[in-house]
Structures are given as C-alpha cells and as structure tokens.
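In: Requesting a structural model of the entry that follows:
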Amino acid sequence: MSTFAFPPSIKSRPVWGSFEPQSGSAYLFVADAEGAEAILDLAKVAPALMASAHIIYIPKGTDFETALRALNPAQLYVGPSYAASLPRLRKTLEDAKMGLQVYLSGSEGLMGQAMREAAEAGIPHAAIQTEHRGSVARRMQCVHCKGITEDVAVDPFVCSHCGLNLFVRDHYSRRLAAYQGVCIDAEAPGCVPEPKGIYE
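Out: You can find the predicted model right below:
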C-alpha cells in the first residue's frame, strides 16, 4: 500500500481525502504512478463507475496500465508526463456535461495542478475528490526567482533555476499548485544544513 499519513501542519497546506463512490453522469480520473491504486480500490467497491469513466494516467515508471485496462473504462489515456496529458485534460473538462465527477490521485504535484484546471473549468469543489498515493515529493516554487522545481524530496534543496539553497516550507499556493521555498542561507551564505527527507 502506498499511503502516507501527513503530519499536522499550517492551514494553507492541502488536506487530501480518500475516494468514495459518488453518483454522476460521467467520471474523470487523473492519476500518476501509485495513484492508479486508488482507482483500482474504488473500482472494487463501485465497478459500475468504470463504464462511463475516462482515465488519464501518467505511469512515472510504475506498471499499472494492464490493471487499469482490465477495468474496461470508457476511455484510458496513458501519457508520458503531466504536460503531455494537459491538452487532453483541458479538452475533457471543456466538453464536460453537468454531473461530471472528478477523481484525482497520486502525487501532490499532480493533484494540485489538475485541481486547479478543474476549478478553472468551473467544476464545483464538491464534485472533485482527491487521494494521495505514492511519493511525498513536492512541487516547489522559489519565492526569489519564481521558478518551479518538480519532485523535491529533500530539505533544503537547490533551486533548479537560480541555484539558491531553499528551505522547504509548508506554505502552499493553490493558484500555482506549489509549495514555497525560501533562501535558507541569505544571512549566512554557505551555512546550509545537510539535506534530509522532507518528513524525516
């Protein structure tokens, strides 16, 4: 099982839920990596949903495609990255009819970005469910250069854009779907602690 119990944090930090069957006219699933497990678990308790399900899946080195195909969803798209899948996600949301239920699972980076797209498309908050599975790495924005670094798993880390040593904060921007990183050695250049896992 690829679940993780996030420790308590500040109010701006997202709280991810767990999938529950919901009645709707159609179902859109967006998942990356171990996020597929959440879809498979939901299908066990509500297999009828799959007949009108559109699954957008980004494997990221995992192997759940065969299991997802076995669910016989109405549509299954397997993409190489979130960026490559984004046009399909936007088109699906643009064409959505009333009653669409959206399920997002996997990494925080994927869920945050897909949630932003769904909200911008006018999908009501009550029609969007999330479930974290797999990696606890974060999508981080450097507050100094505004660059985004994906899949940050250690604290502190080096900004992939400007090279500053950044402290991983729990402050989260829903608009950017990213956590905020601040220079850790601004007052004492070069005084940087050894990196460790974010939740160590």
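In: contacts and neighbour counts: CA atoms only from here.
Out: Fine.
In: Report the buried residues of the longest strand seen in the chain.
Out: Across the chain, the longest stretch assigned as strand under DSSP state E is strand 165-173. Neighbour-count burial for strand 165-173 flags 165-168, 170-173 (criterion: 16 or more other C-alpha atoms under 10 Å).
In: Parallel or antiparallel, list what pairs with the helix or strand following that strand.
Out: Sequence order places strand 178-183 as the next helix or strand after strand 165-173, per DSSP states H and E. Strand 178-183 sits in its sheet next to strand 138-142 (parallel), strand 165-173 (antiparallel), going by DSSP bridges.
In: hmm, who's touching strand 178-183?
Out: For strand 178-183, the surrounding residues in contact (C-alpha atoms under 8 Å, 6 or more residues apart in numbering) are 109, 112, 138-144, 148, 164-173.
In: will you turn the strands paired with strand 178-183 into a markdown table that also has distance to residue 31 and mean pLDDT?
Out: Compiled in a markdown table, these are given as follows (distance: least, C-alpha to C-alpha, whole Å; pLDDT from 0 to 100):
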| stretch | distance to residue 31 | mean pLDDT |
| --- | --- | --- |
| strand 138-142 | 16 | 97 |
| strand 165-173 | 21 | 96 |
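In: Any chance of TSV for the ones you listed, columns distance to residue 32?
Out: Compiled in TSV, the strands paired with strand 178-183 are given as follows (distance: least, C-alpha to C-alpha, whole Å):
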stretch	distance to residue 32
strand 138-142	14
strand 165-173	20
